[in-house]
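Engineer: quick check, what structure comes out for this input:
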Amino acid sequence: YNEYKSYLSMVSHKPGPLKQQKKPHKHGKHMSKSAISVRAKGRVGGGVINGKFLKKATKLERRNKELQKRKVKQAHSNERKRELGGSGQSPICVLFIPAYEGISVAPLLTTLKQSPDCDVFCETENGYLLHSKRLKKRFHFLTPSNNEGLFEDLDLVKCADLVVMVWDDSLELDPLLKTCLYAQGVPAMQHVILGQSNLSDRDKIKRKKNVSEMLVANFNDKDQKVHFLESESDIPTALWNLANFKDHRVSFTRHRAYMITSSVDFMPTSEGHGTLKATGYVRGTHLDANDLIHIPGFGHHRIQSITSNHDPCRKMGNTMEEEQQMLSEQTTPATLDMESPVDEMEEEQTWPTEEELLEAEENLISVKSLRKGISSYQSVWMFSDEEYSDESETEILEPDESESESEDEEFVDAETESTAPTEDYDVNFADEVEAEELRKFREAREHEAFPDEMDTPLDTPARVRFQKYRGLKSFRTSPWDDKENLPRDYARIWHVRNFRNIRKFMLKTAVKEEKVVKKGMYVTVCVENVPVEITHSNRSALTLFSLLPNEQKMSVQHVAVTRHAASDLIVKSKEQILAQVGFRRYLVNPVFSQHTRSNKHKMERFMPNTGTFVASFYAPITYSTSPVILFKKEANGSVTLLANGSLLSCDPDRIICKRVVLSGHPFKIHKRHAVVRYMFHNREDIAYFKAVEVKTKYGRRGHIREALGTHGHMKVGFDGPIQQNDTVIMPLYKRVFPKWNFQYS
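Structural biologist: Numbering: from 1, shown residues only. As a prediction, this is how the structure comes out:
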């Protein structure tokens with residue numbers, strides 16, 4: 001019995017499936033006191049909320065609250081409207097732009113000066129200051145000189161309070177000017193029509209109605225004001241309309257000080273440089289001598305001093321002469337260094353010296369021109385062993401930027417080269433330019449038909465040719481370290497952590513910060529170390545913009561843009577273009593990528609024709625939300641509009657991946673297994689890429705099992721049966737970076 005009892009104690013009881021399950025205790029939806037204390041972890045809770053705060057507002061209370069908000073906003077708008085052009089404030093800057101190049105604005109400016117109750121000051125060839133006693137407003141009338149073309153108009157529009165488009169009887173409009181103005185951002189806008197003096201009052205009303213319909217179709221604004229300014233009787237009405245408009249400033253000028261110069265003086269101090277004395281009204285926010293000043297086309301510079309000047313457009317009753325006095329002087333100057341200092345002793349010593357880079361450029365093998373009758377396939381095995389070894393060695397030592405530029409140009413069809421034509425029609429065409437355009441056209445067409453596909457080279461092992469690439473199981477979720485294998489140029493830039501929060505803080509501080517030089521003051525700003533080329537500019541007025549802290553430092557800038565509908569140029573990644581970001585304009589070599597929400601973004605080899613994409617390039621940090629316009633600069637100096645959009649961020653950690661797709665053909669198929677060929681050409685390459693997952697164009701996934709023979713055949717297992725007409729592909733990725741070629745333009 002004892003032995004049977006001990007046996008029963010060793011055997012555990014296992015309840016059967018019919019055992020009754022007891023219901024859990026229903027303690028309610030509240031937590032116990034012990035659970036609350038554990039969750040609080042010693043924290044003391046806040047006070048009890050009064051019941052009146054939880055009470056839902058009635059319809060009358062909600063209506064009254066919205067009414068109060070509307071009244072506050074209206075009062076703020078009326079105060080801003082009264083200050084605009086008034087005493088102690090900067091004059092209303094009215095910019096007259098001709099609708100196309102053939103219209104002359106000078107007669108219009110002459111007509112506005114004939115008003116009997118107005119006084120004119122600081123009269124120049126392209127504008128003047130005007131004070132109206134009846135309206136108690138001050139104006140700064142200005143027109144472009146048309147010597148600098150489109151960019152002078154764009155720079156002046158950024159600083160203007162009101163833009164007046166001047167039309168003639170033909171109602172023609174420059175389409176490039178219209179597109180660039182609305183892509184950049186336009187303040188309040190009005191229209192003046194010339195050449196209507198012979199019309200009767202009834203015909204003028206009909207004419208104005210037709211013009212209004214045309215403006216709605218072109219500018220999509222039903223509130224545009226149209227004026228006929230032909231005689232002195234039209235001047236009071238025109239001035240009243242110019243003084244009473246809906247104030248709408250460009251977004252990136254709200255958080256910084258800027259200036260339109262009334263007069264400019266240049267004093268040479270050294271060879272090629274000097275001190276620029278720019279006189280004008282301070283607009284936007286306040287200004288300080290410790291801030292940096294950016295001059296479009298000439299970069300950023302330090303302010304030597306700011307001196308108060310006699311306001312020429314003062315009230316007529318005040319005849320006292322004001323003495324010039326120093327308002328602000330440079331005490332803690334900001335650094336002009338755009339690049340971060342590179343520490344050669346930091347991290348690994350793998351960077352090549354300048355001598356090694358020059359030697360590598362000299363050793364690069366150029367594409368050989370083949371004799372007639374020799375195909376590109378025969379050229380592979382016709383090279384000598386010495387040439388083959390040099391070429392393969394060059395391929396390994398080539399840096400990341402050079403490889404990304406040249407890997408799409410390695411397989412050049414030598415049979416497409418043509419001799420120079422001899423006909424008179426081709427005299428104005430350059431053979432090199434035509435050949436380059438033809439090559440880019442064929443590459444773009446091939447990329448559109450077979451995206452990212454590349455044949456494995458016969459003369460170079462795939463493990464060497466694609467040694468910088470890697471396979472990803474999932475492009476969206478697979479990890480990728482953003483600090484891995486960074487180029488040398490990343491040691492020269494600045495990284496802003498949490499750019500979104502830093503931008504909010506900088507813009508909020510810039511508006512509230514108090515400085516000595518208030519907005520609306522008429523001052524002379526002395527800018528030091530300005531290049532002498534600024535004296536060669538024939539602009540009607542210079543524009544100056546202050547920089548926020550650290551906005552002169554280089555980083556990686558990303559802009560989200562959309563291709564212009566009329567642009568059909570083929571633009572390749574890392575090709576030089578002209579970018580205008582806010583108030584700055586520079587030459588860059590961007591990398592195009594897809595605009596997605598993932599942490600990795602696929603690179604686009606050519607600028608997409610449809611949809612929104614991202615262009616990334618090295619450029620100074622910009623905090624304010626800025627419009628972006630991309631141009632293609634031609635050899636003769638003309639520009640072509642490519643795309644427009646807005647600034648996305650300044651983040652060097654954004655990962656842009658270039659994809660290469662290796663394709664193979666299923667040779668033999670047995671259920672879920674297949675023998676694939678033409679993807680690789682030797683066993684070593686198959687062993688090197690064995691861990692990478694392969695796919696088919698019909699959605700199957702598989703892995704390489706083993707290599708068969710020595711000619712690149714391999715056995716692949718898939719997750720299901722595949723078809724004979726399917727194609728096996730292996731996508732490979734590598735991270736690419738923009739090309740450093742920054743230059744102010």
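Engineer: so what's residue 80 up against?
Structural biologist: For residue 80, the contacting residues are residue 247, taking C-beta atoms under 8 Å, 6 or more residues apart in numbering as the criterion. Glycine gets a C-beta too; all of them are placed from N, C-alpha and C.
Engineer: could you confirm it falls within a strand?
Structural biologist: No - the assignment for residue 80 (DSSP: H, G, I helix; E, B strand; the rest coil) gives helix, which keeps it out of a strand.
Engineer: and it, how far from residue 161?
Structural biologist: Using C-beta to C-beta, to the nearest Å, one obtains 11 Å as the distance from residue 80 to residue 161.
Engineer: which SS class is the spatially closest residue to residue 232 that is not a sequence neighbour?
Structural biologist: If the residues on either side of it in the chain are set aside, residue 232 comes closest to residue 114, at 5.4 Å by C-beta to C-beta, 6 or more residues apart in numbering. Reduced to three states with three-state DSSP, the structure at residue 114 is coil.
Engineer: secondary structure element holding the residue nearest the centre of the chain?
Structural biologist: The centroid of the chain falls nearest to residue 559 when counting by C-alpha atoms, centre = their mean (2.9 Å). Secondary-structure assignment from DSSP states H and E places residue 559 in strand 554-563.
Engineer: buried residues of that strand, list them for me.
Structural biologist: Using 16 or more other C-beta atoms under 10 Å as the test for burial, strand 554-563 gives 554, 555, 556, 557, 558, 559, 560, 561, 563.
Engineer: I figured the last one hits residue 606, correct?
Structural biologist: No - with contacts counted by C-beta atoms under 8 Å, residue 563 stays clear of residue 606, the gap being 10.7 Å.
Engineer: so who does the residue lying closest to residue 626 once chain neighbours are set aside touch?
Structural biologist: If you skip the residues right next to it in sequence, residue 626 has residue 582 as its closest partner in space, 3.2 Å away by C-beta to C-beta, 6+ apart. Counting by C-beta under 8 Å, 6+ apart, residue 582 touches 252, 622, 624, 626, 627, 647.
Engineer: narrow those to those in strands?
Structural biologist: Using DSSP state E to define strands, the subset of the contacts of residue 582 located there is 627, 647.
Engineer: possible to save the contacts of residue 582 as a markdown table with pLDDT?
Structural biologist: A markdown table is the format used below for those (pLDDT from 0 to 100):
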| residue | pLDDT |
| --- | --- |
| 252 | 84 |
| 622 | 92 |
| 624 | 87 |
| 626 | 90 |
| 627 | 92 |
| 647 | 93 |
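Engineer: buried subset of the contacts of residue 582, written for PyMOL?
Structural biologist: Listed next is the PyMOL selection for buried residues among the contacts of residue 582, using 16+ other C-beta under 10 Å:
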select buried, resi 252+622+624+626+627+647
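Engineer: which one of the contacts of residue 582 is nearest residue 24?
Structural biologist: Of all the contacts of residue 582, residue 24 sits closest to residue 647, with 57.1 Å by C-beta to C-beta.
Engineer: name the nearest residue to the closest one, sequence neighbours excluded.
Structural biologist: Distances taken as C-beta to C-beta, 6+ apart put residue 626 closest to residue 647, at 4.6 Å, once the chain neighbours are dropped.
Engineer: can you list phi and psi of the one you found for me?
Structural biologist: phi -130, psi 140 (degrees, to the nearest 10).
Engineer: what about it, distance to residue 179?
Structural biologist: Plainly put, residue 626 is 17 Å away from residue 179 if you go by C-beta to C-beta.
Engineer: ok, now residue 715?
Structural biologist: Using C-beta to C-beta, one gets 57 Å for the distance from residue 715 to residue 179.
Engineer: likewise residue 191?
Structural biologist: Distance of residue 191 to residue 179, computed by C-beta to C-beta: 18 Å.
Engineer: so for the two, which sits in the more crowded spot?
Structural biologist: residue 191 (20 against 16; other C-beta atoms under 10 Å).
Engineer: can you give me the helices in the stretch 1-150 of the chain?
Structural biologist: In chain order, the stretch 1-150 of the chain shows helices spanning 2-10, 33-40, 51-54, 59-83, 106-112, 150-159, with DSSP state H, counting those that start in this stretch as the criterion.
Engineer: what's across from residue 299 in the sheet?
Structural biologist: Beta bridges link residue 299 to residue 295 when assigned by DSSP bridges.
Engineer: surely it touches residue 742?
Structural biologist: No - using C-beta under 8 Å as the test, residue 299 is too far from residue 742 to be in contact (10.6 Å).
Engineer: residues near the spatially closest residue to residue 484 that is not a sequence neighbour, how many?
Structural biologist: Excluding its sequence neighbours, the residue lying closest to residue 484 (C-beta to C-beta, 6+ apart) is residue 735, at 7.8 Å. Under the neighbour criterion other C-beta under 10 Å, residue 735 is assigned a count of 21.
Engineer: specify the beta-bridge partners of residue 735.
Structural biologist: With beta bridges defined as DSSP bridges, residue 735 has these partners: residue 657.
Engineer: what sits against residue 327?
Structural biologist: With contacts taken as C-beta under 8 Å, 6+ apart, residue 327 has the following neighbours: 306, 307, 308, 516, 517, 521, 523.
Engineer: the strand or helix carrying it pairs with which strands, and in what direction?
Structural biologist: Residue 327 belongs to strand 326-329 when assigned by DSSP H and E. Listed by DSSP bridges, the sheet partners of strand 326-329 and their directions read strand 299-308 (antiparallel).
Engineer: strands along the stretch 401-550 of the chain, start to end?
Structural biologist: In the stretch 401-550 of the chain, the strands defined using DSSP state E, counting those that start in this stretch lie at 522-531, 543-546.
Engineer: most tightly packed of the ones you listed?
Structural biologist: Comparing these by mean neighbour count (mean count of other C-beta atoms under 10 Å), strand 543-546 ranks first with a mean of 24.
Engineer: rewinding a little: any chance of the contacts of residue 582 in TSV, plus distance to residue 686?
Structural biologist: Formatted as TSV, the entries for the contacts of residue 582 read as follows, by distance: C-beta to C-beta, whole Å:
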residue	distance to residue 686
252	55
622	49
624	54
626	50
627	51
647	46
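Engineer: phi, psi for the nearest residue to residue 173 once chain neighbours are set aside please.
Structural biologist: Across the structure, with C-beta to C-beta, 6+ apart as the measure, the residue nearest residue 173 apart from its sequence neighbours is residue 99 (4.9 Å). When read as degrees, to the nearest 10, the backbone of residue 99 gives phi -60, psi -30.
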